[in-house]
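Asks: Fold the stuff below for me.
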Amino acid sequence: MGKKQLVPIVLSYGFTIIPFNVREPVGRQSRVGWFVSREIEQFRQRSPQCTTIHLLSGHQIPVFHSRKFCIDQLKNAKWIEMCYGEIHEPHRRQWINGSAVCETVVM
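Replies: Modelled structure (predicted):
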């Protein structure tokens, strides 16, 4: 899901994962690595098609993309997260405030 076109995926509020190509494929194994968007600190271009992702944890991971592509992926993740919030926020607010109606079935 989202791997072939490298589409970011929202798992929950504030938890969006972004796919990047992190290695050459070995046999049938995937070359995609997933990064939590809020953990990305910066991108540093190493060559036209290789960028290093710097994470808040201090780790640095090279990916096989241009810096522009990496920034676009982060923008896409933020946009998808915003759309997720627009769809789910009204339901979440109802649930938190206790106004959501829970139905039970008696058999």
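
Asks: Can you name the residues that contact residue 57?
Replies: residue 39 (C-beta atoms under 8 Å, 6 or more residues apart in numbering). From N, CA and C alone the C-beta is placed, and that goes for glycine too.

Asks: Where does the residue nearest the centre of the chain sit, in terms of helix or strand?
Replies: The centroid of the chain falls nearest to residue 17 when counting by C-alpha atoms, centre = their mean (2.2 Å). Here residue 17 sits within strand 15-21, counting by DSSP states H and E.

Asks: So what angle separates the directions of the helix or strand following that strand and strand 15-21?
Replies: Using DSSP H and E, the helix or strand that follows strand 15-21 in sequence is strand 32-36. Using axes from the mean of the first three to the mean of the last three C-alpha atoms, to 10 degrees, the direction of strand 32-36 lies 150 degrees away from that of strand 15-21.

Asks: Just list what strand 32-36 packs against, helices and strands only.
Replies: Strand 32-36 is packed against strand 15-21, strand 60-63, with contacts defined by 3 or more C-beta pairs under 8 Å, 6 or more residues apart in numbering; DSSP states H and E.

Asks: low pLDDT regions in this structure?
Replies: Counting by pLDDT under 70, the low-confidence segments of the chain come to 1-4, 90-107.

Asks: How about the contacts made by residue 22?
Replies: Counted by C-beta under 8 Å, 6+ apart, residue 22 has contacts 31-33, 61-64.

Asks: ok, which stretches of the protein are strands?
Replies: 9-12, 15-21, 32-36, 40-47, 50-55, 60-63 (DSSP state E).

Asks: If anything else comes up later, I'll come back, but that's it for now.
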